[in-house]
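Colleague: No letters, just coordinates:
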């Protein structure tokens, strides 16, 4: 660790605060930058070392979002008391199941766990218990919950975040990037311990632990239905044949991106897809005149994109995609006033009541209870819309016990104020 870090622990009760009162830059891992583990022998040594460690294990992963296809990990960082830090190259070590098994009974400490758990799962690593420092910060009421702000506000240390968006598939990884990666887990357990104390002081620790348990137990997310409908700007499309063009272009781009292992947006932007779908150009020359298909686009590529537009143009009406995505649950809230005014009144009252409760608890409304859950209960209220009936409905939709206890009474009162407690 740097001299500055040592000074902070000796001179003040607030971690990382200098004699002058400002945060201390965290510049070097305390044992230096660890070597990158990239083969089976080195990995076996790491597995033994971390299995012999004590206490929670800090874990982070770096992806190449915006550069490569998908969300696979290109670097995994870990730190544990008694084991130190390690950096693992998943390209050289694509199976980390032995490490996952060695840490099966250990609490994992991650920041924004839902971002890293899918790519760690692809490597064979699955936690049984975890502590999410970002989510802990949200529940504790911190206004800024990125790792840098949290480390600075809670520990009085500053992390350099200049390499967060680099291409982590680069090999060899530059030393400054490796230093940045090692520092991301350097004080993560310290942050966890401080946040645990803060949550306990606010009587919120049990809430956080329930949320962490739900994340650890959650199954992998199912594939999205019609993922092409998430194309940025698709709301501009009004005709089904134009929607078909969006779908054909998106699917072609996705197939090519997967084959070439490149981020889809680097092949063709969402704006270009929407532009082509709206114009439905007749040929490659007309396509090249549109946004995103300028003179730099090779003729062969233009003709390839045109095949997708032509395919959409030639589809029979029966094969055109529906104007709106298929979905389960209530319709979009903007249509409630026309479809079911009583439900719209319940939703408005419930949103206001939940918002006021969240403000009084100093917790983001979406962490107190998901907006989708409030919509579902408002659209189809329980037969007996008292607190117990609402509680049962919330539990049925997956709300945790702490959420049910806090939210059910205020939603029940909101329903009663909106429609007298009936279903409307």
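Modeller: In hand now; what should we look at? Keep in mind that what you see is a predicted model, and the values were worked out from it rather than measured.

Colleague: Which secondary structure element of the chain has the lowest mean pLDDT?
Modeller: Ranked by mean pLDDT, DSSP states H and E, the weakest helix or strand in the chain is helix 3-11, scoring a mean of 32.

Colleague: in which helix or strand would I find residue 390?
Modeller: Assigned by DSSP states H and E, residue 390 belongs to helix 387-396.

Colleague: brain fart, residue 109
Modeller: strand 107-110.

Colleague: again with residue 74
Modeller: strand 73-81.

Colleague: what helices or strands is that strand leaning on?
Modeller: strand 54-63, strand 84-88, helix 113-122, helix 175-184, helix 188-201 (3 or more Cβ pairs under 8 Å, 6 or more residues apart in numbering; DSSP states H and E). Just so you know, the C-beta spots here come from the backbone N, C-alpha and C atoms, and that holds for glycine as well.

Colleague: With distance to residue 301 and mean neighbour count added, can I get these in TSV?
Modeller: TSV is the format used below for the helices and strands packed on strand 73-81 (distance: least, Cβ to Cβ, whole Å; neighbours: other Cβ atoms under 10 Å):
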stretch	distance to residue 301	mean neighbour count
strand 54-63	27	22
strand 84-88	37	22
helix 113-122	30	18
helix 175-184	32	20
helix 188-201	44	19
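
Colleague: JSON lines for those, including mean pLDDT and distance to residue 374?
Modeller: As requested, the helices and strands packed on strand 73-81 are arranged in JSON lines below (pLDDT from 0 to 100; distance: least, Cβ to Cβ, whole Å):
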{"stretch": "strand 54-63", "mean pLDDT": "98", "distance to residue 374": "32"}
{"stretch": "strand 84-88", "mean pLDDT": "98", "distance to residue 374": "41"}
{"stretch": "helix 113-122", "mean pLDDT": "97", "distance to residue 374": "21"}
{"stretch": "helix 175-184", "mean pLDDT": "96", "distance to residue 374": "35"}
{"stretch": "helix 188-201", "mean pLDDT": "98", "distance to residue 374": "24"}
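
Colleague: Contact partners for residue 224?
Modeller: residue 230 (Cβ atoms under 8 Å, 6 or more residues apart in numbering).

Colleague: before we move on, what about residue 215?
Modeller: Residue 215 neighbours (Cβ under 8 Å, 6+ apart): 113, 114, 117, 130, 132, 135.

Colleague: host element of it?
Modeller: Counting by DSSP H and E, residue 215 is found in helix 205-217.

Colleague: how far off helix 113-122 does that helix point, in degrees?
Modeller: Between helix 205-217 and helix 113-122, the angle comes out at 30 degrees (axes from the mean of the first three to the mean of the last three Cα atoms, to 10 degrees).

Colleague: Residue 404 against residue 394, yeah?
Modeller: Yes - look at residue 404 against residue 394 with Cβ atoms under 8 Å: they come within range, at 4.9 Å.

Colleague: And the two? Which one has more around it.
Modeller: Between residue 404 and residue 394, counting by other Cβ atoms under 10 Å, residue 394 is the more crowded of the two (24 against 18).

Colleague: Residue 370 is in contact with that one, correct?
Modeller: No - in this structure, residue 394 is not within contact of residue 370 by Cβ under 8 Å, at 10.2 Å.

Colleague: Report the set of residues contacting both of the two.
Modeller: Between them, residue 394 and residue 370 share no contacting residue, judged by Cβ under 8 Å, 6+ apart.

Colleague: who touches residue 348 in this structure?
Modeller: Residue 348 sits next to residue 418 when contact means Cβ under 8 Å, 6+ apart.

Colleague: how distant is the helix or strand containing it from the center of its chain?
Modeller: Element membership for residue 348 (DSSP H and E) is helix 341-361. Counting by Cα atoms, centre = their mean, to the nearest Å, helix 341-361 is centred 26 Å from the centre of its parent chain.

Colleague: Stretch 284-293 now?
Modeller: The answer for stretch 284-293 is 35 Å, by Cα atoms, centre = their mean.

Colleague: average pLDDT across it?
Modeller: Stretch 284-293 shows a mean pLDDT of 94.

Colleague: got the buried residues for that stretch?
Modeller: By neighbour count on 16 or more other Cβ atoms under 10 Å, the buried set for stretch 284-293 is 284, 287, 288, 290, 292, 293.

Colleague: The closest residue to the first one other than its chain neighbours: what secondary structure?
Modeller: For residue 284, ignoring the flanking residues on the chain, the nearest one in space by Cβ to Cβ, 6 or more residues apart in numbering is residue 302 at 4.3 Å. Secondary structure state of residue 302, per DSSP: H, G, I helix; E, B strand; the rest coil, is helix.
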